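Enquirer: Here's a sequence, model it:
(2 chains)
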2 protein chains.
Amino acid sequence: MPKTYYIGTFIHSLTLTTLEIVEHGTICVSNGIIQSIHRMGEDYSELDSTLPPSALLQKLGHDNNAPQLTIRVIPKSHFLFPGLIDTHIHASQYPNLGIFGKTTLLEWLNKYTFPLEASLTDPVKAKRVYTQCVQRSLRNGTTTAAYYATQSARSTNILTDVVVSLGQRGFVGRCAMDSDLQPKWYRDESAEAAADDTSACVEYCKEADGSGRVRGIITPRFAPSCSRDTLSRLGRLLAEGEPEGLLCQTHISENSSEVELVKQLFPECSSYAQVYDAHKLLTPRTVLAHAIHLTEEEIALVRSRGSGVSHCPTSNMALGSGSLWVRRLLDEGIKVGLGTDISGGYDVNVLEAARMACLVSRGVAEGGKGDESKISVEEALWLATRGGAEVLGLGGKVGGLEEGMVWDVILVGADEVPADQDGEDAEKMLNGVHHEGEQTKIGGKVDFFGWESWEEKVAKWLFSGDDRNIRAVWVGGELVCRK
Amino acid sequence: MPKTYYIGTFIHSLTLTTLEIVEHGTICVSNGIIQSIHRMGEDYSELDSTLPPSALLQKLGHDNNAPQLTIRVIPKSHFLFPGLIDTHIHASQYPNLGIFGKTTLLEWLNKYTFPLEASLTDPVKAKRVYTQCVQRSLRNGTTTAAYYATQSARSTNILTDVVVSLGQRGFVGRCAMDSDLQPKWYRDESAEAAADDTSACVEYCKEADGSGRVRGIITPRFAPSCSRDTLSRLGRLLAEGEPEGLLCQTHISENSSEVELVKQLFPECSSYAQVYDAHKLLTPRTVLAHAIHLTEEEIALVRSRGSGVSHCPTSNMALGSGSLWVRRLLDEGIKVGLGTDISGGYDVNVLEAARMACLVSRGVAEGGKGDESKISVEEALWLATRGGAEVLGLGGKVGGLEEGMVWDVILVGADEVPADQDGEDAEKMLNGVHHEGEQTKIGGKVDFFGWESWEEKVAKWLFSGDDRNIRAVWVGGELVCRK
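Expert: Below is the predicted model:
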């Protein structure tokens, strides 16, 4: 079996509050799985990290002359990091990035969102939109994404094709939405049709990708979009899909008016969360986007059911939905990941969601919930990787760098500001383009000056990094994006 | 006198709430000043905008064979826009972008900020840091910036040299800071030294740039940093500089603890604003950064003195300082511009400050101040241009596209997503690099699909644009940055 050794710096979350930074390490990958990890820090002083890579491998006991052995040395000021995980993204809304005006959720849906989504019944348009979205997502370092497509099964299957062909790990959901509140020109014809089309899309994923890298996901758009009958049918589908680990995604308590609406629509339920629970949709395999305005009782219910929350801070700010008190959920032991929520959010970059999670938490603290509400750099990166993995039922498989985990990894790079500011190097770097021989490297926004600690470099990357800093992306050991 | 005609789309703010979008226009620039503007829209139907540029000029009555006439045709999906104005940026803190942890203002100053600033007494380091900061600022489309340097006059003068040599319009201020609260290793020796060094730096600007494009600015760091004697001396310097339009910049009411501190330090003053007023520092030529926690009385005082406010929303969120109620100030008729506040803020891009101004205002609305608190796309762009110009005493000179105004302009471009997503074009675009003959164009984050209105294109640019979309930057008619 071919093996690849990566030699250089790697960084990942050990716990919610702890990043492990291994400046000199080797990671052996085979068949897309991490086989072994060696750390050459102070505890490994017997190993000389300045040795040539092949000699280093020999010292570690590896036969570096074995056939099918590849050694990749990570450049200085670059590091390997687990791929980012986007737990909530509407690929169909991608063209509307930044277009939301002063609307809030319910008006925004009718004014901007439904017309665009409905137009993606045009397969040419759908392919163009989805391809751009998924490529941008991958290039920003997202190795796993939980997508919403549209109400149309055909359009949804096009998204599945695109995700499969571009090699991202993901979930693709057709929006089930049959309620009278939906516009007539954009809704399921009946509860039966809603359930059947959902099943068909889940099946389509299995055919399109036998490996299970891309999977269907039960997606009741949100309670106000669905009849009781549809919710019940989807709940049964979810239960039937249990042995295969079928997931469910939906929205909850994003906006105060929406919460009011759900109260009116479902008077028999004691809360928004209880609507989903009554229809067997609140499970350990359920992803709840937003969850801003949950009551104490709802938090207890979500916790008892083991459902996860997708925190979408950029979207929440853009649509004026409110600020999620993330610490409260984490303290309860509820799984939390991050979502870009395109196009409620306006950036396909999970790092933007991570930095906004930090910022929103400072507002929550300042608003009276106390300093302990603040999310640190380490915590934001945990949410963007391990947290997302847990929410999507992939904990222990992706989101970290451990033996046995899948090689869903990004190579992050930043350039050092030239010492000679007048020189050609400076001009090249500021142009964002380096030509070195035949290789073209894309510079980024992050400027390292050389005196930063690794902790500081990571903070700078989190707050000022963009797609240009993502130099390579692997999913399941396969290089799916290289710049 | 040589003339340049720009032919294509231009966009700028007419009023706080109105953008003028001229899809087919010509602007004639001579000696760095806009000489004439022609709009060829529905009202100009006698002109055929599809004519070749030279024929177009002839129809407009211009002698297009005149010597020293240059015609620049703006590519489709590009537009000219007034240069962005950053009313508050600490160039000396640039290397600390993203490094702030969970601190708030007063802890942040001592832990991260003062040590870095103090280290810039090393002239080599100072030049490296300032050059990177000012170049990045220019490349993000900032044509005018109000800079804070450090306490050191020598270091401040290096920033002046850098701004002059790179061709940006700007103000460079030495931080006056002599109070006992400052660390001993980073403060002015006396009030006399504080005033003398301030004068010397203002004079240095005059020598370094005879054109007045780069000017010194009186900069008491903030009230807690200064003795009463220093504040008084700076107030006198400001009054003496009046005929030349000398400005003053400082901080006010950024953080609740800071407001408390000022109360304790200046018990003789009825408010924070009154501290500055008592020392003749609250004038129509004063720029007040933050101004989040002003009382009604202070707002009335600021308005009566005609001082302007630099709104720094990114910084305010990052340091958990609070949310400025911008609408309140605008309704009072107080001048408001935007500041990146590097490195309280983590992005040198004024567009980021503009989009955060929109987002923060939605939080303010949601927090109970009402929907009318929301800042629109148009208003955010007004703040980033006209508003900033007014705050810096440059209203009517920069910030808009009008006859008689200075050619401080950016060329904004975004690429259209290829119709054929599988083609080479798509790959090139996503790589962010186009090679066309010998010309290299840098792509950006903004994806136009071709069906957007110009209003939607502008919104997409505001929310997802970055430095890659800024294709050229002119200051005073001079091309200072081209990609």
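Enquirer: who are the neighbours in contact with A:T104?
Expert: A:T104 is in contact with A:255, A:257, A:319-321, counting by Cβ atoms under 8 Å, 6 or more residues apart in numbering or on different chains. Where you see a C-beta, it was placed from the backbone N, CA and C, and this is true even at glycine.
Enquirer: what does the stretch 1-150 of chain A put close to chain B?
Expert: By Cβ under 8 Å from any Cβ of the partner chain, the part of the stretch 1-150 of chain A that sits against chain B consists of A:94-95, A:97-102, A:127-129, A:131-132, A:135-136, A:139.
Enquirer: three-state assignment of A:G396?
Expert: Following DSSP: H, G, I helix; E, B strand; the rest coil, the label given to A:G396 is coil.
Enquirer: For the closest residue to it other than its chain neighbours, the count of nearby residues, please.
Expert: Spatial nearest neighbour of A:G396, excluding adjacent residues (Cβ to Cβ, 6 or more residues apart in numbering or on different chains): A:M405 at 7.1 Å. For A:M405, the count of nearby residues is 20 (other Cβ atoms under 10 Å in any protein chain shown).
Enquirer: need the residues of the stretch 351-483 of chain A near chain B, please.
Expert: Counting by Cβ under 8 Å from any Cβ, the stretch 351-483 of chain A sits next to chain B at A:355, A:358-360, A:362-363, A:365-367, A:371, A:374, A:376-377, A:417, A:419, A:421, A:426, A:430-433, A:440, A:442, A:445-447, A:449, A:451-452, A:456, A:459-464, A:466-468, A:483.
Enquirer: Filter those down to the buried ones, ChimeraX style.
Expert: Entered in ChimeraX, the line below selects the buried ones among these, by 16 or more other Cβ atoms under 10 Å in any protein chain shown:
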select /A:355,358,359,360,362,363,365,366,367,374,376,377,417,421,426,430,432,433,442,445,446,447,449,452,456,459,460,461,462,463,464,466,467,468,483
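Enquirer: Poorly predicted segments of chain A, please.
Expert: Chain A contains residues with pLDDT under 70 at A:41-50, A:64-65, A:420-443.
Enquirer: can we see that at 90?
Expert: A:1, A:24, A:40-71, A:75-77, A:210, A:241-245, A:414-445, A:482-483 (pLDDT under 90).
Enquirer: So which residue is dead centre in it?
Expert: A:D86 (1.4 Å; Cα atoms, centre = their mean).
Enquirer: Not counting sequence-adjacent ones, nearest residue to it?
Expert: A:A145 (4.3 Å).
Enquirer: Touching, that neighbour and A:I89? I think so.
Expert: Yes - counting by Cβ atoms under 8 Å, A:A145 does reach A:I89; the two are 5.4 Å apart.
Enquirer: buried stuff in stretch A:140-155?
Expert: Under 16+ other Cβ under 10 Å, the buried positions of stretch A:140-155 are A:140-155.
Enquirer: now the end-to-end length of it.
Expert: End-to-end span of stretch A:140-155 (Cα to Cα, to the nearest Å): 24 Å.
Enquirer: Next: stretch A:366-377.
Expert: Stretch A:366-377: ends 18 Å apart by Cα to Cα.
Enquirer: For A:Y148, which non-adjacent residue is closest in space?
Expert: A:H90 (4.4 Å).
Enquirer: ok, now which ones touch the one you found?
Expert: Counted by Cβ under 8 Å, 6+ apart, A:H90 has contacts A:113, A:117, A:147-148, A:341-344.
Enquirer: Ramachandran coordinates for it?
Expert: Phi and psi for A:H90, reported as degrees, to the nearest 10, are phi -100, psi 100.
Enquirer: so where does the residue in the stretch 351-483 of chain A that chain B sits nearest to fall, helix or strand?
Expert: Going by Cβ to the nearest Cβ, chain B is nearest to A:F463 of the stretch 351-483 of chain A, at 3.0 Å. A:F463 is located in helix A:454-464, with elements delineated by DSSP states H and E.
Enquirer: Contacts only, for whichever residue of the stretch 1-150 of chain A sits closest to chain B.
Expert: Closest to chain B within the stretch 1-150 of chain A is A:G98: 3.0 Å, counting by Cβ to the nearest Cβ. Applying Cβ under 8 Å, 6+ apart, we find A:G98 in contact with A:343, A:346, B:459-464.
Enquirer: and of those residues, the nearest to B:S310?
Expert: B:L462 (19.1 Å; Cβ to Cβ).
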